[in-house]
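**Student:** I'd like to go over a predicted model; first the sequence, then the structure.
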Amino acid sequence: MALALELDQVSRSYGAVVAVDSVSLDVEGGEFVTLLGPSGSGKTTTLRLIGGFERPNGGAISIAGRRVDHLPPYKRNTATIFQSGALFPHKTVAENIAYGLRMHAMNPSLIRERVGEALGIVQMGGFEERYPSQLSGGQKQRVALARSLALRPSLLLFDEPLSALDLSLRLQLRADIKRLHDELQFTAIYVTHDQSEAMAMSSRVAIMNCGRIEQVAPPQQIYNEPANEFVYSFIGESCCLPVRIDDGAARDQQGRPVDIRLAEPPSSGAWRLYLRPSRIRIGNEAHGCANTARGRVRFTEFLGDFNRYHLVAGGLEFFCDRAGERQYQIGEEVEAGWDTGDMKVFAA
Amino acid sequence: MALALELDQVSRSYGAVVAVDSVSLDVEGGEFVTLLGPSGSGKTTTLRLIGGFERPNGGAISIAGRRVDHLPPYKRNTATIFQSGALFPHKTVAENIAYGLRMHAMNPSLIRERVGEALGIVQMGGFEERYPSQLSGGQKQRVALARSLALRPSLLLFDEPLSALDLSLRLQLRADIKRLHDELQFTAIYVTHDQSEAMAMSSRVAIMNCGRIEQVAPPQQIYNEPANEFVYSFIGESCCLPVRIDDGAARDQQGRPVDIRLAEPPSSGAWRLYLRPSRIRIGNEAHGCANTARGRVRFTEFLGDFNRYHLVAGGLEFFCDRAGERQYQIGEEVEAGWDTGDMKVFAA
Amino acid sequence: MTEAALAQSVGSGRLAGISVTVWRAAGIVFASFVTLYVLIPIGVTIAMSFNDGSFIRFPITSWSLRWYEGFFASTRWTQALANSLVIALGTTVISTVSGILAAWTFDRYNLPLKNVIYVLIMLPLFTPGVVLGLGIAIAFGGIEIGGWSFFGSRGSVVIAHSLWAMPLVFMLMEATFRTVDRRIIEASYDLGGRPVRTFFEIVLPMVSTGVISSALFAFVISLNEFVMALFLTSRGTQTLPVLMWLSLRSAGTPELAVTAVVLATAVFACMSLVMVWYVRQLRKLGR
Amino acid sequence: RAGVASAKNSFAGENLIVVSWSGNYERVFRETVIEPFNAEFGTKAETIGGWDQIVSQIQAAPADNPPFDITVTDEYVASAGLAGELYVKTDRAAIPNLEAVYPWFHETRPQDAAQYGIPFGGGSAVLLVRNSIGVTPDSWKHLWGEKLAGRITLDSGAWWYTLAIPAILKSPDGRLDAMYNIKTAEPLIAELERLKVAKWFTDGAEQANLLVQEEADAAMSYSSDTYTFLREQPGEYVFGVPREGTPAWAEWYMKVRGTKHGELADLFMNYLLAKETQERFLANSMQFVARSDVQVPDHWNGYPASNEDYHRMFQVITMQGWDGIMADYQAFDDRMKQVIVKTTG
Amino acid sequence: MSGAQQVTSAGHRDAMLARPAMKFERLVPWALVAPALVIALVFFGLPILNTLRMSFNLHVDQRVYVPGFTLDQYWMLVKNPIFSGSILTTVKLSLICAFSAVTIGYGFALLVWIGPPLWRVGFIGLALCPLLISEISIIFGWWMFFPKTGLLSHTLLSAGLIEDRFSLMYTEFAALVGLTYLTLPFSFFIILSILDGIDKRLLEASSDLGAGPLTTFREVMLPLTWPGMLVAFAHAFIWAMGTYATPSALGPDTLWTIGFLVQEQMLGRHNWPMASALAIVLVVGVASIMLLMRRLMARGGRFHD
Ligand SMILES: Nc1ncnc2c1ncn2[C@@H]1O[C@H](COP(=O)(O)OP(=O)(O)OP(=O)(O)O)[C@@H](O)[C@H]1O
Ligand SMILES: Nc1ncnc2c1ncn2[C@@H]1O[C@H](COP(=O)(O)OP(=O)(O)OP(=O)(O)O)[C@@H](O)[C@H]1O
Ligand SMILES: [Mg+2]
Ligand SMILES: [Mg+2]
C-alpha cells in the first residue's frame, strides 16, 4: 500500500530564511506523527506545506501515493485543526461542521447524519445550535476537531491545537484526541512544542531544529537514545555541566577543580555532561553510585510530588528531584550520584 | 507592628457575577502569599482590589495598617507586575524604571542611582537605553519587576507575571523572583494558576474557588493536609474513584462490584476516593499494600521520566505513574496498591 | 503573513494551473484600475500645469513654466497660500486638542446622553459648508473684542473649519484609543502617575500615530475648504481655495492647475515632513 | 493736480476693497484701474473677485463691518442689495466725472435707484460661433437654426439673459417687457423649449470650457468673457452683437453699507469715471464704458457711438423688470429648469 | 479588538469611575468634552438653530428674507417637483455612489489585506490621495479627462482604439466617477479596518475544508464583513449627500442635488429661507442615518465575542 504521506527533500524558504530545509518523512497509514521542536524550527511551515497553504521551493509531497504539491488546499484530502480553531464565527456549530461536507456536495440528509456523528465522537452532542462565541476554548477545539473528522480525510493535520488552553483542559483534550485516534485509526501529523504532549500521544516523534528533522523515532527511543546533543537537551529535563577534564579530573570552566568523580571520564578536553535530574540520587542514596559530585544546596523548591534541590559545585550548577519531605537545608553540603548510563557526554 | 496587608470581608461583584466573595486575608511583612485557583475564581479581581484598580462593594482593605479602599492606585504604596509586563513602549528601560520615581518627585541624581540599583538587582545592567520592543519576553518581565522594585513599595503585586513565557524562561525567572524575595524580603501577593509555581515560591498559598478562599496555608500543608475536596483535587495530580460502599465492599456507580479492597472502608454510602498517581504502586510493588485494586490496562502514556498506566476496574478509571521501561501491555490485568494515608475519602 | 492569501486560498504552486494565475492577474488588473482611477485627476492636473497655452485641452502642444512664474509673481496667490497655511495650522491645533480630549472622554468615561453627544459632535462634518459658513457669519459676525472683529478674521475661518476637522479627529481618535492597552495605563497609575500626567506621559505618546494622522487630516481639510472661507474672509484673509473657486467659476486656465498643484504640493510636503520626522521617532523606538 | 497731491497726503496707505466680477474681468480691472489708482494716490486698494454671492456676503457680515467697501453690481445684484439696504447713496458733488456719462445709464433705471453708486460701464451678451461652422453671428435666430442645433450653450445660471433673447426677437421694438411677467413670458419660454442645446452653462468658466472642450460650437457669450476668446484663440471664433439688439446689464459700482473708507471710495468712484481710466479699461475688453468721449479700440467693431445706439443695442433687464420677475421668481425658475430638462433630452 | 475585550474593558472602566466620586471627579469627563461640546453647541448649534429659524422666514420680492413665520418653504419642498425631485436625485445619486464606493473600496481593501505586506503602505497612501487633494483640484482633474479634448479621448484616439473623439463629460457617469472618487477613501478605510479584525486562518480553514475562492468569499467573507460594509455604505452615502460641487460640475444640466440647490438658493437666488429649509432637511436626514449607523455598529461586533 502507498504511504499515507511522503515528504521527499521538501524545502521552503522566505527570502533568506530557510524555514524548511530538505525535509524527508514517510508516514504510514494510521500513524500519529508529531513534529516537535523549539519556536521557529519550521514545524508550522512543514504542516502548511502538507496542507497546501504554502508552496514548496523544492521537493515532492505525496499523499496516499499521489503527488499533491501543485494542488490547492481544497483539492487535497487533508483537514487541518488550527491553534485558534478557526471556527467560522457567523455559523453555528452544526453549520461549521456541515461546511466541509457541503463543499463536497454531499446530500443534506447525509450531512445531518455526519454532523450528528462527528459531534457524538467529540462528545459535543446538543451544542448544534450554539455559535462559537458561546463555547469555551476547549469546546471550540472539539468542534474544530469534529469539523475536520466529519470529512473523513486521509490525513489530519494539527497545528498546536491545545496550546491556547488551560492545563487541565489540555490534558483532557489530549486524552480525547488519543482515544479518537485509537478508535478511528486516522493518520495524523501533529505540531506542538510541548514535549509531554508529543511523548504521550505519538507513535513517532520528529524532532525539528532550524528547518531540519534531527531524529524521527518512537517516543521511548527519542528519550533513551537521542540521536544527538540537541535532541537530548531538548527532550526531558536535563542539567548540563560544562566541564574540563584534565587527566581524568574534572574542573569547571574557570579551571577550578570541582569535587566530581566519574567512573569513566572522557579524555582530556572540554565536555558537556548531561544528567536527568530525576535520575540523580542524593544523600545516602548516592552511595555506591559510579559517579558522584559533592555540592552545596543553593535553594530548594517544593513542587508537590517532590522537592527540587539546586546544588552548586564550584562554578557548576545542577539540580535533582527527590520525593518526600525536604531533607536538606540551604547551605548544606550533600553528595549526589548517578549511574554512568544516565549520563550523556558531548564534546563542547 | 501592623499587618502588611489585611483584607476584611472584601467583596466585589459585577452585575450578577460575584467575582470576590467576602474574602479575608492577613499578610505579614515579608511574606510571599500566592493566590492559586482555577480560571475565573477571582484571583485577578482580588489583586486588582488590593492595587486599587477596582473598588470593593464591601469590606475593608488595609495596607500597613492604613485603610486604603477609597484610594486610587496612584495613592497606594503598592506596585503591580502585570502579565504583559505593561512596560511603556515609548520609553527606554531606564525611563520606564525612573517613571514611578519621577512621579514621586524624587530628585534626578537619586533616581539615576535607584534605576541602576534596580537594574542590578534584576541583572539587567547595561540595558538602560533599550526600548521594550528590543527586549525578549523574559527581559521585559525583569524590567517590569525592576520598575516596581525601584519604588520600594510596601507591597508587590504579581498578576501571573510568568504565564506568557516559555517553560525554561519561566523556571529561570521563578528562581530569580524567589532569590530576590529571599534577599530583599519584600511582601508579595502573587497570582497564578500554575501549581508548581505556587508551590515552589510561596511562603503561604491561598487556594481560591468561586470568589472564595478555600484554604490558606504553607505549600506542604496544602499538599498534605488539604482542607477540603476542592483543594485536594485541585492541588497535584489525583485520580478520583467515585465508589459506593455496601457493607465494606466497594461497587462502582452502576452498582457493579469492583475488585477494590480497602483496609479501612468508610461506612456504607456513596464516596469519592482520591489517590495520588505517584503514590500508587502497581504489579509486584503493590503486594503488601493495605489497599488494593485489580484493573485492566486501558492505555499507557510515555511521559519521558515515567510511564503512565491508565487502568479500568469495572466502571472506575484511574491511572498511576511508574518510572522505567513500560512493563504492562494494553489489556493486561494488574494489581495496584496504596497506603491508607495516601488516600482521601470525601462523601459524594 | 504569507504571500497573497487569496492566491493562497486558491492554492499556491507554480504548477497550480490557470486558476492561480487568473486570480493573481485579476488582482493586479484591479489594483491597476484603482491606481489609475486615483492618479488620473492628479496626473492630468500636473501635466496641465505645465501647459504653455491658455486653455485647458489635450493634446498639450507646448510646455512651459509660465503659469508657475505667474503664480509666484502674484502676491495675491502667495498671500492666499500663506493665509491658507496659517488657518490650517490654527484649525489643526484647535480641532486636535478638542477632538482628542473628547475622544479620550468617550473612551474612558460614561457620560449621560453619550449617543446624543456623539451625533452632536459628528453632525457638523456632514453639514454643507454653505450652511455652516453663512450660519457662522450671521451668528457671530457682530462680535468685536477691543477692535478685533471676528468677522473676516482668520480666527473665524479656523472656528468654522474646526467644525469639520474636529469631528474627523474625534472619529479617528476614538478608534485609536480603543487600541490602547488598558494595563499600561493602570501600570502608570500604579507607579504613582496621576491621571493628567499619565495622559500626557503615557497615553498620548502611545497613540502618537493616531494623533499625527488625525492632525494631518484636520490640516488638510482646512487647507482645502473654500465655501465657509468664502463667507468668513475678507481683505487680506482670503484663502487659496477661495481664489481657486472664484477663478473656477470664471474661466479655467492652466493657472488653476498650477494652484491645484501648489496646494497639493503644500499638503504632501507637510505630510512628508511630518512622516519623515515621525518615522525617525519610531526608528528611535526600534519599532 | 493739486487735488491729487492733497488726496495723496490724506489717503496714502489707506485700504480699499473693491469687488469686481471674478475671472478675466477682475484681472483687467486690476491692471487698468486698481494698480494705476494706487500708483497715483499711494493707496492700498485691492480688488477681489465676486459673483452672485456678493449680496449674501454683505448680508451675512455685520452691518458696520462689510467684507468690502465697493462692489460691482448689475441690475440683479443692485436690486437685491437695494431691497436689503446694503448700499450707500452717492454724493454726486463728490463725483464730478459723472457729467461725462451717457444719459442711457440713468434712463434705464428708476430715479431713486440711480442715486446709489456710479455707472462704470456695462456688458452684454454676444453671439459667438466657431469659425469653422460657417454661421455669421448677425442674428439670434441662428440659435434655432439647423446648423447650430445641438451645438449651442446657453446660460442656465443667470437664465434671465437667455430668456431675454426670445423677448428681444418677439418684441417689435426689441424691448424686454414681455419677460417681466410669468404669463407674458410663457410664449418666450416655450420658444426656448424649441432649442437644441448641447449643454447649459452656469458660469463663465463652464462656458469657456464647453467651447474649449468642443462640447459646444456656439454660445451666448458675455462680453466680459468674449475678449479672452478673442485674445487667446484668435481666429477660432467669430462674434458679434446681433442686429436685433442684445441683453445687457449696466455695471454700477456701489459703496457698501458700513464702509469705513467713504471718502476714499468717493475718490475711487470718481477715478473710475476718469477718461484715462475708462479708455484703459476699454482697450482691454469687449465691455462698453460709461463715458461718451472715449477712444474706441480697434478690436471693438460697432461700438455704440451715441446714446441712441446704446438704447438700440443694449436691452437691460430693468430694475422695475426685476420687481416683476422676483414676484414670480420661483415659477420662472421652475419653468427654466423644465426648459433645461426638455432641451437637453 | 474583539467585542469581548471592549465589553470587559468598558466594565473595568466603569469600575474605575465608580470610586466614591467626589463632585469634582464627576465633573472631569464634562470638563474634557467641554471644548468639543462648545465648538459643536455654540459654533454649530447656534448657526443651525438660526438656519432652522430662517427656514420659517418669509421670502418677499428681492429681499434675502423677511422675518416672519411660514411653512411655505417646506410645503414647497413637497409640492415643487424640482425640489422634491432634487431630494430623490440626491438620494439616488448618493446610493449609487455609495454602492460603487463600497464595491471598489471592498475589492481594494481585500487586495491590501491579503496582498503582500510591501504593497500595503503604498496602497494605503494611494487611498489617502483623494482625501488630501482639494475638491476643486479633483473637479479640475476630471474636467480635463472626460471631454472631447480631454485626456481620455485623446489617448484612445492616439492609440487608434476609436475613430472619432468622444466625450463623457457632463454625464451622470462623470458625476458618479467624481463623487465616488471623493467617497472612496472612507469606505476603503472602514472596510480595511474590519478586514484587519478577521482571522486570516478562516480563509485557510475554508479552503482546507474544500471551498474554492469564490465559495469562501460568499460563505465566509461576506457574512463576516457585511456590518462593516453597511457602515462604509452609510458613510459614503452621507458624504455623497453633502457634496454638491463635484456632481454639478461634472454632471448633466438636469442633475440638481440638494447641496446644489442650497447653494443656488442661498447665493444665486438670495432666497435664504428656502435654502435653509433644504439644508435642514439634509441635516436631519444625515443625523438620522448617523444614529442608525451607530446602532448598527454597536451590534456589528456580535460575531467576534
Ligand atoms: N510567511 C513568512 N514569511 C517570512 N518568514 C516566515 C514566514 N513563515 C515562517 N517564517 C519563518 O520561518 C521559520 C519557521 O517558522 P515556523 O512558523 O514554521 O516555526 P514553528 O516551528 O512553527 O515555530 P512556533 O513554535 O513559534 O510556531 C521562522 O524563522 C519564521 O520566522
Ligand atoms: N470587569 C468585569 N466585568 C464583568 N465580570 C468580570 C469583570 N472582571 C472579572 N469578571 C468576572 O469575575 C470573575 C472572576 O474573574 P477574575 O479575572 O478575577 O478571575 P481569575 O481568577 O483571575 O481568572 P483567570 O485565571 O482566568 O485570570 C469571572 O467570572 C469574571 O468573568
Ligand atoms: Mg508554529
Ligand atoms: Mg486572572
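**Tutor:** Looks like it came in fine. Numbering: from 1, shown residues only, chains lettered A, B, ... in the order given. Ligands and ions are numbered 1, 2, ... in the order given.
**Student:** residues contacting E:Pro130?
**Tutor:** By Cβ atoms under 8 Å, 6 or more residues apart in numbering or on different chains, E:Pro130 lies in contact with C:38, E:138, E:181-182, E:184-185. C-beta here means a position set from N, CA and C on the backbone, and glycine is covered the same way.
**Student:** give me the distance between it and ligand 2.
**Tutor:** Using Cβ to the nearest ligand atom, to the nearest Å, one gets 42 Å for the distance from E:Pro130 to ligand 2.
**Student:** if we can go back for a sec, what subset of the contacts of E:Pro130 is also close to chain A?
**Tutor:** The subset of those within reach of chain A, by Cβ under 8 Å from any Cβ of the partner chain, is empty.
**Student:** chain D: which of the residues you listed is nearest?
**Tutor:** E:Ile138 (15.5 Å; Cβ to the nearest Cβ).
**Student:** residue in the stretch 201-348 of chain A nearest to chain D?
**Tutor:** For the stretch 201-348 of chain A, Cβ to the nearest Cβ, closest residue to chain D: A:Gly211, 63.1 Å.
**Student:** what is the neighbour count of the closest residue in space to that residue that isn't next to it in sequence?
**Tutor:** Nearest non-adjacent residue to A:Gly211, counting by Cβ to Cβ, 6 or more residues apart in numbering or on different chains: A:Asp21, 3.7 Å away. Counted with other Cβ atoms under 10 Å in any protein chain shown, residues neighbouring A:Asp21 total 17.
**Student:** pretty sure A:Asp21 contacts A:Gln9?
**Tutor:** No. Counting by Cβ atoms under 8 Å, A:Asp21 sits too far from A:Gln9 to count as a contact (9.6 Å).
**Student:** circling back: wait, what's in contact with the residue nearest to A:Gly211?
**Tutor:** Counting by Cβ under 8 Å, 6+ apart, A:Asp21 has contacts A:11, A:42, A:210-212.
**Student:** what do you get for D:Leu148?
**Tutor:** D:129, D:133, D:135, D:142, D:217-218.
**Student:** repeat that for A:Ile177.
**Tutor:** Contact analysis of A:Ile177 by Cβ under 8 Å, 6+ apart lists A:145, A:158, A:161, A:201.
**Student:** cool, C:Ile60 as well?
**Tutor:** Counting by Cβ under 8 Å, 6+ apart, C:Ile60 has contacts C:47-48, C:50-53.
**Student:** out of those, which are buried?
**Tutor:** Among the contacts of C:Ile60, those buried by neighbour count (16 or more other Cβ atoms under 10 Å in any protein chain shown) are C:47-48, C:50-51, C:53.
**Student:** of those, which belong to helices?
**Tutor:** Cross-referencing the buried ones among the contacts of C:Ile60 against helices under DSSP state H gives C:47-48.
**Student:** now the buried ones among the contacts of C:Ile60 as JSON lines including pLDDT and distance to C:Gly99?
**Tutor:** Formatted as JSON lines, the buried ones among the contacts of C:Ile60 follow (pLDDT from 0 to 100; distance: Cβ to Cβ, whole Å):
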{"residue": "C:Ala47", "pLDDT": "87", "distance to C:Gly99": "37"}
{"residue": "C:Met48", "pLDDT": "85", "distance to C:Gly99": "36"}
{"residue": "C:Phe50", "pLDDT": "87", "distance to C:Gly99": "39"}
{"residue": "C:Asn51", "pLDDT": "85", "distance to C:Gly99": "41"}
{"residue": "C:Gly53", "pLDDT": "77", "distance to C:Gly99": "45"}
